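Asker: Give me the fold of what follows.
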Amino acid sequence: MNFLRHIPLVAATSITLLSGCNLHSEKKLRTSLEQYFTLGDTLFFNSKMTCTAAVFRAALNDVKPEMPMAATSLETQEFFRSTGKAAVRAEGQTPHALTDEMLTTEDGAFGRQALAAAALVGKCLSDTNSQDFHRALTRPGATIAYDTGVGGVMILDPVERKLFFAAGDPL
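Answerer: Just a heads-up that it's a prediction; the model follows:
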């Protein structure tokens, strides 16, 4: 019966550990994304055990050279296969259409990773940010990027000047 007096301590420790089990911390995520994008203020950040959603003001609409930038889905897949990261922006095409195009090819790894990250982020997005994320995903000329090291999809909306980040873990 001596072990019963330790139950409150074990429960408190477990709750503390679980509450700190988020997919990303804001500071680490910002540092990771700043190697690829020029960020302004954090507009939204929410991370849980199963998802992370973030929105940053984009100070510039450009992608830094550290992120391989492609103009076609084929080129994106080649970059992704060789480096584990890639971005694509195609005039007149949406990130959603580009991802769909990559999903239908034999090597659709970029498309699958981006789709999975976006599909599993719902619990971390507010209604407003969910609508904005969808708008960015379907905006012609927006940039979509994925980095296996960061573990999430990034959408750079050139009209709203926002960078969206989405990651999900199906646990």
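
Asker: Paired strands for the lengthiest strand in the chain, with orientation please.
Answerer: Criterion DSSP state E: the longest strand present in the chain is strand 51-63. Take DSSP bridges as the rule and strand 51-63 pairs in its sheet with strand 37-47 (antiparallel), strand 162-168 (antiparallel).

Asker: Poorly predicted segments of this protein, please.
Answerer: 1-23, 105-108, 115, 118, 120, 170-171 (pLDDT under 70).

Asker: can you rerun that using 90?
Answerer: 1-24, 48-51, 72-74, 77, 96, 98-130, 151, 167-171 (pLDDT under 90).

Asker: where along it do the strands fall?
Answerer: 37-47, 51-63, 69-70, 85-88, 143-147, 152-157, 162-168.

Asker: Now render these as JSON lines, adding mean neighbour count.
Answerer: No exception for glycine: its C-beta is placed from N, CA and C like everyone else's. Output for the strands of the chain, formatted as JSON lines (neighbours: other CB atoms under 10 Å):
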{"stretch": "strand 37-47", "mean neighbour count": "16"}
{"stretch": "strand 51-63", "mean neighbour count": "21"}
{"stretch": "strand 69-70", "mean neighbour count": "20"}
{"stretch": "strand 85-88", "mean neighbour count": "24"}
{"stretch": "strand 143-147", "mean neighbour count": "27"}
{"stretch": "strand 152-157", "mean neighbour count": "27"}
{"stretch": "strand 162-168", "mean neighbour count": "26"}
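
Asker: Reformat those strands as TSV; add distance to Asp100.
Answerer: Formatted as TSV, the strands of the chain follow (distance: least, CB to CB, whole Å):
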stretch	distance to Asp100
strand 37-47	24
strand 51-63	21
strand 69-70	16
strand 85-88	12
strand 143-147	11
strand 152-157	14
strand 162-168	17
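
Asker: Out of those, the one nearest Ser130 is which?
Answerer: For Ser130, the closest of the strands of the chain is strand 51-63, at 8.5 Å, according to CB to CB.
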